[in-house]
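[1] Pasting a predicted model and its sequence here:
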Amino acid sequence: MTISSPFFFCQNKALQRCLVGLEMWAMQNSSRAFAYEFICFGVKQAWACLFAGLMVFLIIATYFFYPQNALLARYDFIFISAVVIQFLMIFFRLETIDEAKVIFIFHAAGTMMEIFKTSYGSWAYPEASIFHIAGVPLFSGFMYASIGSYIARSFHIFDFKYKNHPPVWTIFVLGAAVYINFFSHHFVYDCRFILFVATGLLFCRTWIYFRIGKEYRRMPILLALVLSTFFVWVAENVGTLTKTWLYPNQHVAWAIVSFGKYGSWFLLMVVSYALICLVNKPEELND
């Protein structure tokens, strides 16, 4: 099956033939074509979110079903499960070695930020664990890695191309500035507003082209980042609702994560995108 098919990533020959037949049937009128493409978009998004989705599933499932008196702490079970999932994704070639290296960088960078932020009381992990550093359970780094995994997989699944993409080095500089500000704003001026403006100026002319079926669709890359951030914010609420981590205002009773955090996660998406550009170089769409 060629990359023009929405399900090019499917390896089963029989299922490939069924999907091709379904595609041909759907293309016979516009209503079917729209419904088919909409469903395909959802399926491909779910496939891109495989690692992130499994991490959210682990958080929810262990909150409701993991035994409280188990010898292995809940956080440690999530961590070991995440390591196994990551290994299987590489073994079955769902991620490349280069992508796995970048995702490891995500894990390390995320864990460093977790250690720093929890030391300042930004949020806390209320449960015990063996696999932790300075009270931060090691599974937390995989929550950052799942964002990188989603972006990296989307590059291939949606066959990303771009128009007016800024030079990659400028994205690296912006990503580094954002990451530093996550730490430095505790001591000096918070440059968040400046970083928002810089992100807007850098990407204001950039369009991302993505292929669902045979044709490319497009949207402003800034809109893509905003929409992706929304689902990260939803996952953040799932994490706090299951008491996997808690913000200071949630220790007595749960409250929705403030929309102020939305901006922080948007900037984190910029850092994530910069790291993924290390292995997936943005390609301009040929006219």
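    Now that the structure is in, tell me what you want to look at.
[2] Would you map the strands across the stretch 1-150 of the chain?
    In the stretch 1-150 of the chain, the segments counted as strands under DSSP state E, counting those that start in this stretch are 132-133, 136-137.
[3] can you redo these as TSV with mean pLDDT?
    As requested, the strands of the stretch 1-150 of the chain are exported to TSV (pLDDT from 0 to 100):
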stretch	mean pLDDT
strand 132-133	96
strand 136-137	96
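[4] List the buried residues for stretch 113-130?
    Neighbour-count burial for stretch 113-130, with 16 or more other C-beta atoms under 10 Å as criterion, is recorded at M113, E114, K117, T118, W123, Y125, S129. For glycine as for every other residue, the C-beta is placed from the backbone atoms N, C-alpha and C.
[5] what's the answer for stretch 260-278, then?
    261-262, 264-277.
[6] How about stretch 84-96?
    I85, Q86, M89, L94, E95.
[7] Just the local confidence number for the fourth one, please.
    The predicted structure scores L94 at 81 on the pLDDT scale.
[8] who's in contact with L54?
    Applying C-beta atoms under 8 Å, 6 or more residues apart in numbering to L54 gives the contacts I85.
[9] any idea how far F231 is from M219?
    15 Å (C-beta to C-beta, to the nearest Å).
[10] who has more neighbours, the two?
    F231 (16 against 12; other C-beta atoms under 10 Å).
[11] mind listing what that one touches?
    Contacts for F231 (C-beta under 8 Å, 6+ apart) come out as C49.
[12] name the element it belongs to?
    For F231, the element it lies in under DSSP states H and E is helix 221-241.
[13] Do you have the helices of the stretch 151-287 of the chain handy? List them.
    Assigned by DSSP state H, counting those that start in this stretch, the stretch 151-287 of the chain shows helices spanning 168-184, 192-203, 221-241, 260-276.
[14] Buried deepest among those, which one?
    Scoring the helices of the stretch 151-287 of the chain by mean neighbour count under mean count of other C-beta atoms under 10 Å gives helix 260-276 as the most buried, with a mean of 20.
[15] Just name the most buried of the strands of the stretch 1-150 of the chain.
    Neighbour counts (mean count of other C-beta under 10 Å) averaged over each of these peak at strand 136-137, with a mean of 24.
[16] Sheet-wise, list the partners of that one with their directions.
    Sheet pairing for strand 136-137, assigned by DSSP bridges, gives strand 132-133 (antiparallel).
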